[in-house]
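Asker: Structure for this input, please:
(2 chains)
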Amino acid sequence: MDTNLRLRKRIRAGDHDAFGELFDAYARSVYNHSFRLTGDWAQAEDLVSLTFLDAWRLRGKVDEEGGSLRPWLLGIATNVTRNTRRAARRHAAALSRLPREEVERDFADEVAARLDDRAELALVRAALATLRRAEREVLALCVWSGLDYQAAAEALGVPVGTVRSRLSRARAKLAKHLKSTELLPRDGQMKGDRGSAVGPLREDKR
Amino acid sequence: MNQLPELPERDLPPGRHRLLKEHLMTEIRHEAVAVQQGAPAPRRNKWLRPAIAATAVATAAAVAFVVLPSSGSSPTPPAKPPRKSTAALLEDIALAAEHEKSYGTVRDDQFVYVESQVSYAHDGEGTKATIDPLHRQEVWTSVDGLHVGLVRQAGMGSHSVPVDVKPGKAGWDVSSFYNHVKTLPTDADAMYDYLATTAPKYGGDDKNQAMFVLVGDLLRDSIVPPKQSAALFRAVARIPGVATVEGVKDATGRPGVAIARTDPYNPLRDEWIFDAKTYEFLGEREVATKDNAGVKKGTVTANTAVLRRAIVDKAGERP
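Answerer: Next comes the predicted model:
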């Protein structure tokens, strides 16, 4: 049995350690995805907790078959972000026990700290400003979290064709907006920790 | 196809990965240390306030996000007490609730069964939001809160509801388990005090909205004994900002009148619909109060109709 299948089985069975492994493996993905949907790192932290609490609640719905559980978690994160009020009510008791930092981090300082971050925030805000929520969700899942169409469709509970059309619309809209506002750095690149992170935005024909 | 920039990924802030993981593992093990009853809860307030209010604004109001100042101050003027006609309607509703049938002796190991028709809006293609088709939802909730419940949604499968709130522990005081709601005050003043002291602990900058939301949570998918139910509605009659909306329909088209409150932090209004003649609770709606993120003002973004409530012996068993 491969690792993914074994993990799926343990998650379905409510194995505590399996949830610990899941958290170690994907908390970072969920954190970044949540930021891209909200534009706020502090909220993204809270959404990590809500997502994993909801994953625990929904563990019985995990398919026995399949690959990585990352798309499943990103789907839950997307739903939790959509319905934060509902999710927060559902997990009110657990949230009340969430350890808080004694010192509030200064969000603005933090953002100004790195140029990368500023460009990143500008891009996320541009997406928030110009795209419909459904478009933003597919953009975040497919482009920024790297899910394929099928995985994104499963994560969102929509047909693959819908993902495709939303994504192409999202891309077009955002590209147009970025061009008009020159939000992209001059070389057209976002610095990233992945070498291929460059979006040759101006090369429209690919 | 044009290509968009990828984004760099960040780690959680130092120490947070471990802390959040420990929190999750503790919750999973149901060994959470109870928040002492009566202990001050500034930490909770601090947390829930930005998370709920700000995230809801950021996600529901995509366009507004970049325009709005980040100030957390109340965006609306203080709400006024309900009109006399609204208070009178709530008194009628309370009287009807008081005379509802009793479910007799309810055992701790039984379940509250609530069958509804529900639909919720999702953002759709183009300019129109799509409304999920109306579908059947069945909920089984443990009477004592100590048994695993069940939710079944037609076409979407079912999932169990693990025991995550224990009697007397954090969260119990806002839960809708029968064994909790049956202990609520039967007197309107005492009920108001309970709502006013409990609701703000669990969220929202706006106490009145938090109280209204809590009452909705207590009524939804639950059975509230007649006296407590009447006291709830009489307490609601004193919450500023509560209003009447005439000529509404529940999810199955049953006409009624709604008790409503506009959410100060989200462009939407929560409504509870009652039969205009019998004053029986029919269902709930959520209505967009502004054009927002492609959703037109007036769009019904959530719609439910309760069809029956009963006490059954097992989760998954229909009455």
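Asker: Now the residue in chain A that chain B sits nearest to: closest residue in space, sequence neighbours ignored.
Answerer: Closest residue of chain A to chain B, CB to the nearest CB: A:A93 (2.3 Å). C-beta here means a position set from N, CA and C on the backbone, and glycine is covered the same way. Of all residues not flanking A:A93 in the chain, B:G171 sits nearest, at 2.3 Å (CB to CB, 6 or more residues apart in numbering or on different chains).
Asker: Just confirm that neighbour contacts B:F177, I think it does.
Answerer: No: using CB atoms under 8 Å, B:G171 makes no contact with B:F177, being 10.3 Å away.
Asker: what residues are shared contacts of the two?
Answerer: B:V165 (CB atoms under 8 Å, 6 or more residues apart in numbering or on different chains).
Asker: Tell me which of the two has more neighbours.
Answerer: Set B:G171 next to B:F177 and count neighbours by other CB atoms under 10 Å in any protein chain shown: B:G171 wins out with 25 against 20.
Asker: Look up phi and psi at the more buried one.
Answerer: For B:G171, the backbone dihedrals are phi 100, psi -30 (criterion: degrees, to the nearest 10).
Asker: Could I get the contacting residues of residue 138?
Answerer: Assuming you mean chain A. A:A152, A:L156, A:V163, A:R166, A:L167, A:A170.
Asker: Chain B was what I was after
Answerer: Contacts of B:E138 (CB under 8 Å, 6+ apart): B:Y113, B:V114, B:E115, B:S116, B:L150, B:V151, B:R152, B:R318.
Asker: mind checking pLDDT for the fifth one?
Answerer: pLDDT, B:L150: 88.
Asker: Next: the first one.
Answerer: On the pLDDT scale, B:Y113 is placed at 96.
Asker: The fourth one too?
Answerer: Note on B:S116: pLDDT of 94.
Asker: Is it correct that it is in contact with B:A302?
Answerer: No: B:S116 is beyond contact range of B:A302, at 11.6 Å (criterion: CB under 8 Å).
Asker: does B:K314 sit in a helix or strand, and which one?
Answerer: Using DSSP states H and E, B:K314 sits within no helix or strand.
Asker: Ok, A:L5 next?
Answerer: Here A:L5 is assigned to helix A:3-12, by DSSP H and E.
Asker: And for that helix, what's in contact with it?
Answerer: Counting by CB under 8 Å, 6+ apart, A:1, A:17-19, A:21-22, A:59-60, A:62-69 sit against helix A:3-12.
Asker: B:V236 contacts B:T244, correct?
Answerer: No: counting by CB under 8 Å, B:V236 sits too far from B:T244 to count as a contact (11.7 Å).
Asker: Common neighbours of the two, please.
Answerer: What both B:V236 and B:T244 touch, as defined by CB under 8 Å, 6+ apart, is the set B:I259.
Asker: Neighbour count: those two, which is higher?
Answerer: More crowded of B:V236 and B:T244, by other CB under 10 Å: B:V236, with 27 against 18.
Asker: In the stretch 101-250 of chain B, which residue sits closest to chain A?
Answerer: For the stretch 101-250 of chain B, CB to the nearest CB, closest residue to chain A: B:G171, 2.3 Å.
Asker: Surely B:F111 and B:V143 touch.
Answerer: Yes: assessed by CB under 8 Å, B:F111 is found in contact with B:V143 at 6.4 Å.
Asker: Settle it for me: which of those two has more neighbours?
Answerer: More neighbours surround B:F111 than the other of B:F111 and B:V143, with 26 against 20 (other CB under 10 Å).
Asker: which residues does the more buried one contact?
Answerer: Contacts of B:F111 by CB under 8 Å, 6+ apart are B:W140, B:T141, B:S142, B:V143, B:H147, B:G149, B:I311, B:V312, B:D313, B:K314, B:A315, B:E317.
Asker: Assign a three-state SS to the second one, would you?
Answerer: At B:T141, secondary structure determined by DSSP: H, G, I helix; E, B strand; the rest coil is strand.
Asker: before we move on, the earlier item: need the contacts of B:F111 in JSON lines (columns: distance to B:P14).
Answerer: Shown next, in JSON lines, are the contacts of B:F111 (distance: CB to CB, whole Å):
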{"residue": "B:W140", "distance to B:P14": "43"}
{"residue": "B:T141", "distance to B:P14": "41"}
{"residue": "B:S142", "distance to B:P14": "40"}
{"residue": "B:V143", "distance to B:P14": "45"}
{"residue": "B:H147", "distance to B:P14": "41"}
{"residue": "B:G149", "distance to B:P14": "39"}
{"residue": "B:I311", "distance to B:P14": "51"}
{"residue": "B:V312", "distance to B:P14": "50"}
{"residue": "B:D313", "distance to B:P14": "51"}
{"residue": "B:K314", "distance to B:P14": "48"}
{"residue": "B:A315", "distance to B:P14": "43"}
{"residue": "B:E317", "distance to B:P14": "50"}
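Asker: got a winner among these for most neighbours?
Answerer: B:W140 leads those on contacts (other CB under 10 Å) with 25 neighbours.
Asker: and it, bridged to which residues?
Answerer: Assessed by DSSP bridges, B:W140 has beta-bridge partners B:Y113, B:L150.
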